[in-house]
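K.L.:
Can you look at this prediction? I've put the sequence above it.
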Amino acid sequence: MLQQTDADRDGAAPQADSAAQTPATKRPGWRIRRRMRRRMRDYERTRTELLYDLGGVVHELQRHGRREPRLLLPKAAAVAAVDAELRELQQALVDPRKPASVQRCSACGSEPELGQLVCLECGARLEPEQLFPRRKASRVVIAVVVLLLGAGGVIAYTALDGRGDANAPQAAESRQRSEVELGGLQETPHDAETVPEASPRVEPAPAPKQRDIVKDGTIYDWPRDLSGYTVVLTSNGDRQSAVRFAASAAEKGDRFGVLRTDDFSSLSEGFYIVFAGRYESEAQAKQAATELRDRFASAFAQRVSP
């Protein structure tokens, strides 16, 4: 009897250990998930800024043919720290009740892990997985809105057309009265002498040459005929990526924008530059670059000319 009890106890021990090793997964409440999503957005903005900063350093080192691990390793470590926090939040927000979606590279079809930015098989950039897609209006709602707008347009056109038909006799009578009065005025010699001569046509003055950068939505644009100095924050081969970086990195009072290097003779071709402000002298641009290096370590002054 004692041996059977010991056997039962020995057989129950592994089950208790396995139950302790596999705790039940409990999803956070909606208030906690909302705060976690807000933190995710902050981490994503920070990671984007750090990645562009790292990419700018890599580009400049490659352009000058230099290898400086002491400049790259601290920036890569900063990206890795933020990325680890972001991955932890992504894993915590995954709904265990839903089947896990598989992300594939659109170029080669490989399966990267959750949150991976670049495909390690072909080097293509990966779009971040939408864990929480925005709700889209159903097709029925869109169709109803279109029908209502169309019906409103038809009713307004019919009302205006009916009003025009009702006023047609009055308009014809007024037109005849004006012609009679005008004919009487033309028959009077005194009135004919006082008709003023047509004024000569004045050609519009040419548009003044642009003297400063122009705001285009949330960022600024550098006109092609504008010269000056600026501060280069980073460079990229993709315009959309450069625009996203300029819009996300700008704070209140910053004049960040994007220009294409192919439009200016003083710059190397094939890039989109994220710039900060415009300055009349090189000394002013260097001073601004020094102040911006607290936020963008690779910022430097650059001459821009058509």
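P.N.:
Nice, thanks for sending it over.
K.L.:
Longest helix in the protein, by number of residues?
P.N.:
The helix that spans the most residues within the chain, counting by DSSP state H, is helix 30-63.
K.L.:
quick one: buried residues of the helix or strand following it?
P.N.:
Remark: after helix 30-63, the chain's next helix or strand is helix 69-93, criterion DSSP states H and E. The neighbour-count check on helix 69-93 (16 or more other CB atoms under 10 Å) flags 71, 75-76, 78-79, 82-83, 86, 89-90, 93 as buried. Any C-beta I mention is one placed from the backbone N, CA and C, and that applies to glycine too.
K.L.:
do stretch 265-274 as well
P.N.:
For stretch 265-274, a neighbour-count test (16+ other CB under 10 Å) marks 267, 271-274 as buried.
K.L.:
In strands, which of these appear?
P.N.:
Among those, the ones falling in strands (DSSP state E) are 272-274.
K.L.:
Sketch out the low-pLDDT regions of the stretch 51-200 of the chain for me.
P.N.:
For the stretch 51-200 of the chain, applying pLDDT under 70 flags the ranges 99-102, 114-115, 127-141, 143-145, 151-154, 156-200.
K.L.:
correct me, but Val79 touches Tyr52?
P.N.:
No: Val79 lies out of contact with Tyr52 (CB atoms under 8 Å); the separation is 10.3 Å.
K.L.:
Tell me where the stretch 151-300 of the chain has strands.
P.N.:
Under the criterion DSSP state E, counting those that start in this stretch, strands of the stretch 151-300 of the chain are mapped to 214-216, 219-221, 228-236, 256-260, 272-279, 300-304.
K.L.:
Now distance to Asp263 and pLDDT too, for the ones in strands among the buried residues of stretch 265-274, in a markdown table please.
P.N.:
Converted to a markdown table, these look like this (distance: CB to CB, whole Å; pLDDT from 0 to 100):
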| residue | distance to Asp263 | pLDDT |
| --- | --- | --- |
| Tyr272 | 11 | 93 |
| Ile273 | 11 | 92 |
| Val274 | 15 | 92 |
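K.L.:
ok, the buried residues of helix 69-93 vs Ala283, which is closest?
P.N.:
Leu71 (25.9 Å; CB to CB).
K.L.:
tell me the contacts of the nearest residue to the closest one once chain neighbours are set aside?
P.N.:
Using CB to CB, 6 or more residues apart in numbering and skipping the chain neighbours, the partner closest in space to Leu71 is Val57 (5.7 Å). Applying CB atoms under 8 Å, 6 or more residues apart in numbering, we find Val57 in contact with 71-72, 75, 297-298.
K.L.:
With Arg39 instead?
P.N.:
So Arg39 contacts Leu89 (CB under 8 Å, 6+ apart).
K.L.:
Name the residues linked to Tyr229 by a beta bridge.
P.N.:
Counting by DSSP bridges, Tyr229 forms beta bridges with Tyr279, Arg303.
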